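In: sequence plus the predicted model coming up.
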Amino acid sequence: MDILTTLINGLSQGGVYAMIAIGYTMVYGIAKMLNFAHGDIIMVGGYTLLIFLNMTGNPLIAIAAAIVLCIVLGVVIEKVAYKPLRGASPLAVLITAIGVSYLLQSIAQITQGSNAKMVTFGDMGVLKFGELVIQTKTVVTLISTIVIMVALSIFIKYSKTGRAMIATSEDRAATQLMGINVNKIITITFAIGSALAALAGFFSLLETPQISSTFGAMPGIKAFTAAVIGGIGSIPGAMFGGILLGLIECFTAKVPAIAPYTGAIEFGILIIILLVKPSGILGKKRREKV
Amino acid sequence: MIKQLKNVKWKHFVNYIVVGAALIVFAILRLVGEDVPRSTQFLLQNISIAMILAVSLNLVVGFLGELSLGHAGFMCVGAYLGGKIASLLEATLGNGPLTLLLSLVVGGLCAAVCGVIIGLPALRLKGDYLAIVTLAFGEIVKVIFQNAAPKVFGGTLGLPTPKYSRHELYIYGFALVLITLFVIQNLMRSRHGRAITAIRDNEIAARATGINITKYKLMAFTISAFFAGIAGVLFSYTQSSVQAVKFGYNYSIEILVMVVLGGMGNITGSLISATLITYLNTVLATKLEGDSAVLKDMVYAIILITIIIYRNAPGLKGFREKYNFKNLISKIHTKHHDPAYVKDDEAAWDRVPTKIHMDEILSVDVSVDVSKSTLTPDKPSKED
């Protein structure tokens, strides 16, 4: 029974990672950049949730506000910081992204203080299936992430915008020649990624109701790990990697001898995967072009 | 004699002269027993550590062109292992400079070994992937020192460091800065250094000219890690105990900010920005209280983004060329001094992929008139 509980916890934690990882992987696939600030958008979403929750008391309004604000923020960051650097060296883009991340963290610390704040959504109770006892919030997280991922997959696969996204990630120049506005597609990508980040912020807060300015940093880096494990640029890969990482995290945390090394194990896996199969488990092999 | 002196390129020595002068002044002050105040000593220690870190990171970020986000991780290795050796040696050798020297060597070498370990993936990876591997390395090191062998490394409480007389530490610190400068500047002005910058500018072209990419990438990583380790040992001496938490991702970013603000690939810039940022951090930490101290981080972040966009945005290329401080200076300069430098086509110089000015070329193997070369690279050089 204990294993089953851990499994469900791992799946739900993995779902949250997957949601963040999708944001990374989409931006990486389409804009060809590593958006370091993605984790901090989660943090901004978390704080927005907190503020609106205190103001209105209604979690749904708070979630909506967080999503809207994160979308606006994601798009603004893209337009102001990343768009001017399109075509510049990857190093410059990467450092700018780190700068944006640093900026968001410091703004959050100035406006919200450096102490962690509590966010409580009220106790949801537990669900009992015979001997199995699971937190309701875990089940809510798990089901929501599944729904979101399915919806996103359908959107990418069947909608015109979604297919334009795939086309942009395959070959930007050719996509442009087909009459698709690549800049618009990149903006939409950032918007979707940021909305997912806001939701991920909500689900993370549901699990651990504490927020500080570095709230998004670690989940962000771990989700990036997940995206790499699954094969960066691939959305199913990000889902797979996220869930795998969540399971690894929850199961290693159960073994006392290796529990403190959870973080090291996850990053170790990342390094090994990058060494052995840099394209990730589900990623396509990409030839370097001269 | 005077003519010879005139031909010496002072800008190659300006770093040595400034740091060396500072070192001599401090040493004399110490010898005559005129101690600088504790707070200044503390500031100077931190400045010397920051200088070593910034210059060594600049080797990887500025010259090799790869982003390392694990510089604090190398520092952590140096701080823990160097600190441990120091406390072991304390019993037999006492607290003297010899212990410091040995611990510096051990800490530096251990970090260099880690540099090789992390440099090996660097051979396969580049860009974003490499950055993330170095980040992962930094985090792994932190977790390991925090949890492994609590009897040896103190676990979460941190490693207690030897009670070294800290009065002289800043002098040793500046001596180490001088050594760092000597090694890295000479490396960069040598054949190896130019190979490293060639890899940055165009890896495929560098490989085609017969440069051993593997060797030079590994070299840059290892040397950079070695000096980060040395800075770590120095850092461990300034602390009452070494805490792994300090060497997180944020510390690496702080060093990166120094490198970028000073100018990637510019050692003098790294020294200046390391001094400036450390000074501001120390001063503001006492002036500003609580969360408002973060204001400086916000300002650094904004400056960082602005500098990078200004220097790299393809859309701003025309603007940069028109109002470039360096161009203006060199225009005035070249008219009077160096007839060899850019006569007919001034703009062609900016397009030469590896940026070596005429006066920096010490020897040329094959005589080629570079100024007349019809080089038209398809992508703009990184540095303009």
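Out: Cool, got the structure.
In: could you pull out the helices for the stretch 251-384 of chain B?
Out: B:267-287, B:295-312, B:317-322, B:325-336, B:346-351 (DSSP state H, counting those that start in this stretch).
In: for chain A, what's the longest helix?
Out: Secondary structure assigned by DSSP state H gives helix A:2-31 as the longest helix of chain A.
In: so which elements touch the next helix or strand after that one?
Out: The C-terminal neighbour of helix A:2-31 among helices and strands, as given by DSSP states H and E, is helix A:38-56. Where contact means 3 or more C-beta pairs under 8 Å, 6 or more residues apart in numbering or on different chains; DSSP states H and E, helix A:38-56 is packed against helix A:2-31, helix A:59-77, helix A:90-112, helix A:182-207, strand A:210-211, helix A:217-230. C-beta coordinates here come from the backbone N, C-alpha and C atoms, glycine included.
In: export those to CSV and append columns for mean pLDDT and mean neighbour count.
Out: What follows is the helices and strands packed on helix A:38-56, written out as CSV (pLDDT from 0 to 100; neighbours: other C-beta atoms under 10 Å in any protein chain shown):
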stretch, mean pLDDT, mean neighbour count
helix A:2-31, 88, 24
helix A:59-77, 94, 19
helix A:90-112, 90, 22
helix A:182-207, 92, 24
strand A:210-211, 86, 18
helix A:217-230, 86, 27
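In: how about the helices of the stretch 251-384 of chain B in TSV, adding distance to residue B:255 and mean pLDDT?
Out: As requested, the helices of the stretch 251-384 of chain B are exported to TSV (distance: least, C-beta to C-beta, whole Å; pLDDT from 0 to 100):
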stretch	distance to residue B:255	mean pLDDT
helix B:267-287	9	87
helix B:295-312	12	87
helix B:317-322	26	77
helix B:325-336	25	61
helix B:346-351	29	50
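In: wait, which of those helices is closest to residue A:234?
Out: helix B:295-312 (28.7 Å; C-beta to C-beta).
In: contact partners for residue B:150?
Out: Contact analysis of residue B:150 by C-beta atoms under 8 Å, 6 or more residues apart in numbering or on different chains lists B:156-157.
In: hmm, back to that, so which of the helices of the stretch 251-384 of chain B gets nearest residue B:135?
Out: helix B:295-312 (17.3 Å).
In: so what's residue B:260 up against?
Out: A:95, B:61, B:304, B:307-308.
In: related to what we said a few turns ago, of the helices and strands packed on helix A:38-56, which is nearest residue B:190?
Out: Closest approach to residue B:190 among those is made by helix A:90-112 (23.5 Å; C-beta to C-beta).
In: and the closest one with helix A:217-230, angle?
Out: Between helix A:90-112 and helix A:217-230, the angle comes out at 150 degrees (axes from the mean of the first three to the mean of the last three C-alpha atoms, to 10 degrees).
In: which other helices and strands contact whatever helix or strand comes next after helix A:90-112?
Out: Downstream of helix A:90-112, the first helix or strand assigned by DSSP H and E is strand A:117-118. If you count contacts as 3+ C-beta pairs under 8 Å, 6+ apart, strand A:117-118 packs onto strand A:210-211.
In: try 10 Å this time
Out: Packing partners of strand A:117-118 (3 or more C-beta pairs under 10 Å, 6 or more residues apart in numbering or on different chains; DSSP states H and E): helix A:38-56, strand A:210-211.
In: of the ones you listed, which is nearest residue B:174?
Out: helix A:38-56 (37.1 Å).
In: just to revisit the earlier point, possible to save the helices of the stretch 251-384 of chain B as TSV with mean neighbour count?
Out: Listed next are the helices of the stretch 251-384 of chain B as TSV, based on neighbours: other C-beta atoms under 10 Å in any protein chain shown:
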stretch	mean neighbour count
helix B:267-287	18
helix B:295-312	18
helix B:317-322	12
helix B:325-336	12
helix B:346-351	15
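In: of all the ones you listed, which lies closest to chain A?
Out: Closest to chain A of the helices of the stretch 251-384 of chain B is helix B:295-312 (C-beta to the nearest C-beta; 3.6 Å).
In: residue contacts, residue 93?
Out: Here I'm looking at chain A. A:31-36, A:81-82, A:85-87, B:127-128, B:308-309, B:312 (C-beta atoms under 10 Å, 6 or more residues apart in numbering or on different chains).
In: looking at chain B here, not the other one
Out: Contacts of residue B:93 (C-beta under 10 Å, 6+ apart): B:86, B:99-102.
In: tabulate the helices of the stretch 251-384 of chain B (a markdown table), appending distance to residue A:192.
Out: Formatted as a markdown table, those follow (distance: least, C-beta to C-beta, whole Å):
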| stretch | distance to residue A:192 |
| --- | --- |
| helix B:267-287 | 37 |
| helix B:295-312 | 24 |
| helix B:317-322 | 32 |
| helix B:325-336 | 42 |
| helix B:346-351 | 39 |
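In: out of those, which gets nearest to residue A:222?
Out: helix B:295-312 (22.8 Å).
In: now the closest one and helix B:267-287, what's the angle there?
Out: Going by the same axes, to 10 degrees, helix B:295-312 makes 160 degrees with helix B:267-287.
In: helix B:295-312 near chain A anywhere?
Out: Yes - for helix B:295-312, a contact with chain A is found by C-beta under 10 Å from any C-beta of the partner chain, at B:295-312.
In: that helix packs against which elements?
Out: Right, helix B:295-312 is packed against helix A:90-112, helix B:249-262, helix B:267-287, helix B:317-322 by 3+ C-beta pairs under 10 Å, 6+ apart.
In: would a markdown table of those helices with distance to residue B:240 be doable?
Out: Converted to a markdown table, those look like this (distance: least, C-beta to C-beta, whole Å):
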| stretch | distance to residue B:240 |
| --- | --- |
| helix A:90-112 | 26 |
| helix B:249-262 | 18 |
| helix B:267-287 | 18 |
| helix B:317-322 | 48 |
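In: select, out of those, the one closest to residue B:116.
Out: It's helix B:249-262; of these, that one is closest to residue B:116 (C-beta to C-beta) at 18.9 Å.
In: any buried residues in that closest one, and which?
Out: Residues B:249, B:251-262 are the ones in helix B:249-262 that count as buried (16 or more other C-beta atoms under 10 Å in any protein chain shown).
In: can you list the residues you listed in a markdown table and add pLDDT?
Out: A markdown table is the format used below for those (pLDDT from 0 to 100):
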| residue | pLDDT |
| --- | --- |
| B:249 | 83 |
| B:251 | 88 |
| B:252 | 90 |
| B:253 | 88 |
| B:254 | 88 |
| B:255 | 92 |
| B:256 | 91 |
| B:257 | 89 |
| B:258 | 92 |
| B:259 | 93 |
| B:260 | 90 |
| B:261 | 89 |
| B:262 | 89 |
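In: domain ranges for chain B, per the record?
Out: Domain assignment of chain B by automatic domain parsing yields the ranges B:2-297, B:315-361.
In: worst mean pLDDT among those domains?
Out: Of all these, the minimum mean pLDDT falls on domain B:315-361 (a mean of 58).
In: can you list the helices and strands packed on helix A:38-56 in TSV and add distance to residue B:90?
Out: Formatted as TSV, the helices and strands packed on helix A:38-56 follow (distance: least, C-beta to C-beta, whole Å):
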stretch	distance to residue B:90
helix A:2-31	46
helix A:59-77	51
helix A:90-112	39
helix A:182-207	46
strand A:210-211	41
helix A:217-230	37
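In: quick one on the thing from earlier: of the contacts of residue A:93 - the most surrounded one?
Out: residue A:35 (31 neighbours; other C-beta atoms under 10 Å in any protein chain shown).
In: check contacts around residue A:214.
Out: A:39-40, A:43, A:105, A:108-109, A:114, A:116, A:220, B:248-250.
In: which SS state does it fall under?
Out: coil (DSSP: H, G, I helix; E, B strand; the rest coil).
In: then residue A:128?
Out: Residue A:128 - assigned by three-state DSSP - is strand.
In: and the pLDDT for it?
Out: For residue A:128, the model assigns a pLDDT of 77.
In: hang on, it packs against residue A:139?
Out: No - using C-beta atoms under 10 Å, residue A:128 is not in contact with residue A:139, being 11.6 Å away.
In: more neighbours: those two, which one.
Out: Applying other C-beta under 10 Å to residue A:128 and residue A:139 shows that residue A:139 carries more neighbours, namely 15 against 9.
In: done for today, thanks.
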